[in-house]
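**Student:** Here is a sequence together with a model predicted from it:
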Amino acid sequence: MSSNLRIFDSMERSVIDVARSVGRFGIYCCGPTVYNYAHIGNFRTFIAIDVLWRVLKLAGYNPFVVRNITDIDDKTIAGSMASGQSLEEFTSRWTEIFHRDCDDLNMLIPNVEPKATDHLPEQIAMIETLVGKSMAYEKNGSVYFRIGAWPSYGRLSRLSERELRVGDGDSGEKENSGDFVLWKAHKASDGEVFYESPWGKGRPGWHIECSAMSLRYLGTNFAMHTGGVDLCFPHHENEIAQTEAATGEPMAKMWVHVAHLQIGGEKMSKSLGNLYTLNDIRQMGFKSSALRHALIAGHYRQPLSFSDDSLPSAQKSLDRIGAYGSALAERANGGGDQTAMGDSFDVLASAWEALLDDLNTPRALGLLFTHMQRYSAESYGTADAKKLLAEWMRMEFALGIPMVKRKSPETIADDDIRSIAEERQRARREKNFARSDELRDELAARGWCVCDSRDDGYELNKLK
Ligand code: AMP
Ligand code: ZN
């Protein structure tokens, strides 16, 4: 049985075996636009990618995740002007709120979380390269990408030529209505928000930030690019065109897209106003963990219809998973010497297999329940309970639920492993990242993966 992940690649349109990278496995995830609360549809995408990332970690892929913060666009500018705050004050506040929600939803922290406004030189340099190669042209202080000069434009979305010509509101001065903006000349509605460039005052278009920042932190041809399915076109199509035209190299090896969270058959979105935020869910009396469970109860490639009716059963299911793990932990600390039934590890092994099989979270959850129905935790003796608890906690970590802190028996990670992890934690605190990376690699070589939390904590999990 292969321990490799298989996942649907939107470029190939088929499930492929995910190859391991030499060194880091670079993942880019298009992050939030920070002008309001993220809604739970946004979190469906971010949590699916969080599970993907956890599975890659446990499967020993050494993922390195970059998720950007879009802090400059029409909405952040309008929001900051309406609030009387500077763009930076305004977007920092919404970024903090986003982080709080992410922590509450037990999402891992990206290795790098770059902001668009911190990467103006990189974006301008890429646009200059494109202009230099005649892939882009300037008109009245704005710069546009010339899609006619890029023959493979549309490769990812496979739309017809007509559908590719969506235009972006400035078509009057473009050579072709499908050309998209790389740099926007300053206009009165942007107020005081502008940056100097070779084309005069202005600001970057939305797509260029992801090309410039992924290039800076992951290079070209990185392992995986991810986002919600609505980003496929035009955003990801444009990212590919910009990066590949500028560098001559492929942007990413594979593309993973998450289907939408819907309400009454329609996409949940800020523009339709049919949304719930995490605050709404809390105010209804549910835990964030119940929302996380409800969002992973469907397969990431199928649209998921949200109804608050799903939350009570998600909460119950979580409680059962948590209680089973705690009962196992008790047995592991003194459960006697009986041995388990022969096949009692097989169901859990299949749950892990389900995650490796195109991230089948509903099947994995179903198998956890099959296991609980078949094998009561009380039937395990100490030795089997220890082994099984390690497997159970690995599944809990992969799914990011039930989010209970349980003291694991000392034997799960021995003293040696713990002391390396502690030393790594000290190195991190002292910002000695080279040393902490070295120690992380040593832990991986010994079969352990370590995950950090924002509050200076960490978790150790056995690699598969
Ligand atoms: P935004 O902040 O609008 O740039 O969106 C952040 C992420 O959420 C992107 O990856 C979007 O594709 C994704 N997204 C937006 N709406 C939904 C939805 N209803 N369901 C799932 N993902 C969504
Ligand atoms: Zn992006």
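**Tutor:** Good, I have the coordinates. Ligands and ions are numbered 1, 2, ... in the order given.
**Student:** who touches Met268 in this structure?
**Tutor:** His39, Ile40, Gly41, His260, Leu261, Gln262, Asn274, Leu275, Tyr276, Phe306 (C-beta atoms under 8 Å, 6 or more residues apart in numbering). In short, each C-beta sits where N, CA and C put it, glycine included.
**Student:** For it, which non-adjacent residue is closest in space?
**Tutor:** Residue nearest to Met268 in three dimensions, not counting chain neighbours: Gly41, with 3.6 Å by C-beta to C-beta, 6 or more residues apart in numbering.
**Student:** so what's the backbone phi/psi at Phe90?
**Tutor:** Phe90 adopts backbone torsions of phi -60, psi -50, taken as degrees, to the nearest 10.
**Student:** Just give me the neighbour total for the residue lying closest to it once chain neighbours are set aside.
**Tutor:** Spatially, and ignoring its direct neighbours in sequence, Phe90 is nearest to Ser80 (3.7 Å; C-beta to C-beta, 6+ apart). Number of residues near Ser80 (other C-beta atoms under 10 Å) recorded here: 24.
**Student:** same check, this time on Asp9
**Tutor:** 18.
**Student:** Also Tyr37?
**Tutor:** Tyr37: 19 surrounding residues under other C-beta under 10 Å.
**Student:** gap between the residue lying closest to it once chain neighbours are set aside and ligand 1?
**Tutor:** What sits nearest to Tyr37 in space, not counting adjacent residues and going by C-beta to C-beta, 6+ apart, is Thr277, at 4.1 Å. Relative to ligand 1, Thr277 is positioned 12 Å away (C-beta to the nearest ligand atom, to the nearest Å).
**Student:** rewinding a little: among the contacts of Met268, which are in strands?
**Tutor:** The strands, defined by DSSP state E, take in Leu261, Gln262 from the contacts of Met268.
**Student:** can you name the two of the contacts of Met268 that are farthest apart?
**Tutor:** Across these, no pair lies farther apart than His260 and Tyr276, at 13.9 Å, counting by C-beta to C-beta.
**Student:** circling back to that earlier point, my read: the residue nearest to Phe90 touches Leu87, true?
**Tutor:** Yes - counting by C-beta atoms under 8 Å, Leu87 is a contact partner of Ser80 at 4.6 Å.
**Student:** which neighbours do those two share?
**Tutor:** Val193.
**Student:** Which strand residues bridge the residue nearest to Val112 when sequence neighbours are not counted?
**Tutor:** Spatial nearest neighbour of Val112, excluding adjacent residues (C-beta to C-beta, 6+ apart): Val66 at 4.6 Å. Taking DSSP bridges as the rule, Val66 bridges to Tyr28, Val112.
**Student:** Please report how far Val66 lies from Ile109.
**Tutor:** 12 Å (C-beta to C-beta, to the nearest Å).
**Student:** do Leu130 as well
**Tutor:** Leu130 sits 33 Å away from Ile109, taking C-beta to C-beta as the criterion.
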